[in-house]
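In: Structure for this input, please:
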Amino acid sequence: MSQLRVDAYGDKAAYDRATAHLDAPLAVVDLRAFDANAADLVRRAKGKPIRVASKSVRCRALLERVLAREGFAGIMSFTLAESLWLARSGFADVLLAYPSADRAGFAELTADPKLAAAVTVMVDDPAQLALIDAARPAGRGGEEVRVCLELDTSYRLLGGKVRFGARRSPLREPSQLAALARTVAHRPGFRLVGLMAYEGHVAGVGDEVDGKPVFSRTVRMMQAAARKELAQRRWDAVRAVRAVAPRLEFVNGGGTGSVQHTAAEAAVTEVAAGSGLYVPRLFDNFRSFSGRPAALFAQPVVRRPGRGVVTVLGGGYPASGVAGADRLPVPYLPAGLRYDPQEGPGEVQTPLLGAAADGLAIGDKVWFRHAKAGELCERFDALRLIDGDRVVDTVPTYRGEGRTFL
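Out: Numbers count the residues shown, from 1 in each chain. Model prediction:
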């Protein structure tokens with residue numbers, strides 16, 4: 001098991017006591033860790049509001065909990081259907097972070113003034129505006145649609161032959177954003193209100209990976225150069241867009257791993273974060289901050305095949321992204337367990353190796369951390385909220401409310 005860049009291991013005895021009356025598999029959120037992580041995000045944001053990335057939480061009760069804290073404002077959603085559902089549920093400021101082709105959703109959005117006032121959609125191509133118009137009631141009728149443009153943040157070298165960052169928006173240069181801003185401004189039924197730029201190659205890539213000092217130094221060098229390049233380009237892009245839309249309401253940037261860097265940019269009015277609330281394993285390898293694992297899941301021991309081995313039920317919950325060991329959940333408590341390299345985590349059963357296995361009996365719980373944050377909630381319909389050694393509430397995940405948006 002890799003060493004964790006987190007404050008400390010959680011308290012297995014407390015988690016076991018809290019859930020002694022519950023059978024595994026189950027998922028929990030440690031509220032003390034969750035709240036401590038939220039406070040740390042606010043500290044790093046240095047006074048700028050944090051928009052919560054709902055895909056990293058996927059639980060309405062916990063979205064409400066964090067948005068009740070000072071320093072958090074608004075939701076960054078991941079599908080239009082989710083955005084509309086959240087708006088109908090009372091969330092008043094929902095930014096859809098990805099373009100959509102959901103015609104039925106756009107028909108609903110443009111037909112309802114309350115939804116149209118609460119939801120902002122992402123656009124990076126005039127064809128997306130045409131799709132929205134085609135979905136409107138009576139052609140181009142209906143409510144005005146709030147629009148946000150997205151800037152490509154990728155860091156490119158050698159004329160673009162080398163690229164760091166996700167392939168997202170085609171809008172890279174300030175002039176391109178200004179051109180689309182003018183298109184929005186001249187098209188009836190739309191209002192440009194925001195600009196977003198997500199630097200995933202900084203916010204989501206750890207810069208101090210255990211056992212990889214050369215790689216880690218290379219990542220830090222790349223990220224330092226990328227931040228400098230993007231800060232200037234983002235400033236120029238905001239200035240170009242504001243020349244077209246002087247009443248721009250927000251400029252959103254960043255993510256959990258880059259909150260303090262992005263918040264320091266004068267052009268940015270708000271930062272985004274979500275994974276930093278749960279602190280999944282992919283966020284163990286950052287020099288600039290540490291967190292407390294808050295979201296865990298437990299699998300029951302169902303077999304003891306031999307000395308130094310136990311088998312738990314299920315557990316094969318890989319995360320999205322490029323397939324690799326870093327996308328797998330990690331055995332967390334008790335410390336010292338590891339996967340069998342010939343099997344790994346399985347859909348139905350998972351053998352675990354290590355001396356700690358000999359201290360586990362049939363029916364005991366083994367606690368895991370997921371590689372990513374909200375994806376855990378696609379596997380469980382409820383989260384048990386733990387305070388100390390007590391379950392203080394049980395709340396549904398999106399799945400538990402019958403909402404499987406992707």
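
In: Can you give me the buried ones in stretch 279-298?
Out: Residues 279-286, 289-298 are the ones in stretch 279-298 that count as buried (16 or more other Cβ atoms under 10 Å). All C-beta spots, glycine's among them, are computed from the backbone N, C-alpha and C.

In: again with stretch 321-332
Out: 326, 327, 328, 329, 330, 331, 332.

In: before we move on, what about stretch 160-169?
Out: In terms of neighbour count (16+ other Cβ under 10 Å), stretch 160-169 has its buried residues at 164, 165, 168, 169.

In: Would you convert those into CSV that also reports distance to residue 350?
Out: Putting these into CSV (distance: Cβ to Cβ, whole Å) gives the following:
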residue, distance to residue 350
164, 34
165, 34
168, 34
169, 39
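
In: As CSV, the residues you listed with pLDDT and secondary structure would be great.
Out: Listed next are those as CSV, based on pLDDT from 0 to 100; DSSP: H, G, I helix; E, B strand; the rest coil:
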residue, pLDDT, secondary structure
164, 86, strand
165, 82, coil
168, 88, coil
169, 89, coil
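
In: Pick the one among these closest to residue 380.
Out: Proximity to residue 380 was ranked across these by Cβ to Cβ; first place goes to residue 168, at 29.2 Å.

In: I figured that closest one was touching residue 149, is that so?
Out: No: in this structure residue 168 lies outside contact range of residue 149 using Cβ atoms under 8 Å: 11.8 Å.

In: any residues in contact with both of the two?
Out: Listed contacts common to residue 168 and residue 149 are residue 124; contacts here mean Cβ atoms under 8 Å, 6 or more residues apart in numbering.

In: ok, residue 123 - contacts?
Out: Applying Cβ under 8 Å, 6+ apart to residue 123 gives the contacts 99, 129, 147, 148, 149, 150, 180, 184.

In: For residue 220, state which of those is nearest.
Out: The nearest one, if we look at the contacts of residue 123 relative to residue 220 and count by Cβ to Cβ, is residue 150, at 26.2 Å.

In: Quick check: phi and psi at that closest one.
Out: The phi/psi pair for residue 150 (degrees, to the nearest 10) reads phi -110, psi 130.

In: Report the beta-bridge partner residues of it.
Out: residue 196 (DSSP bridges).

In: Give the next helix or strand downstream of the host helix or strand of residue 231.
Out: For residue 231, the element it lies in under DSSP states H and E is helix 213-244. Scanning forward in sequence from helix 213-244, with DSSP H and E defining helices and strands, the next element found is strand 250-253.

In: packing partners for that following strand?
Out: Packing contacts for strand 250-253, counted by 3 or more Cβ pairs under 8 Å, 6 or more residues apart in numbering; DSSP states H and E, involve strand 190-197, helix 213-244, strand 270-273.

In: Compare the ones you listed and give me the one nearest residue 69.
Out: Between residue 69 and the helices and strands packed on strand 250-253, the shortest separation by Cβ to Cβ is 12.3 Å, and it involves strand 270-273.

In: just checking, what packs against the closest one?
Out: Where contact means 3+ Cβ pairs under 8 Å, 6+ apart, strand 270-273 is packed against helix 31-45, strand 50-53, strand 72-77, strand 250-253, helix 259-263.

In: Can you get me the start-to-end distance on stretch 106-116?
Out: End-to-end distance for stretch 106-116: 10 Å, by Cα to Cα, to the nearest Å.

In: Can I get the helices and strands packed on strand 250-253 in a markdown table including mean pLDDT and mean neighbour count?
Out: Converted to a markdown table, the helices and strands packed on strand 250-253 look like this (pLDDT from 0 to 100; neighbours: other Cβ atoms under 10 Å):
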| stretch | mean pLDDT | mean neighbour count |
| --- | --- | --- |
| strand 190-197 | 96 | 22 |
| helix 213-244 | 89 | 17 |
| strand 270-273 | 97 | 26 |
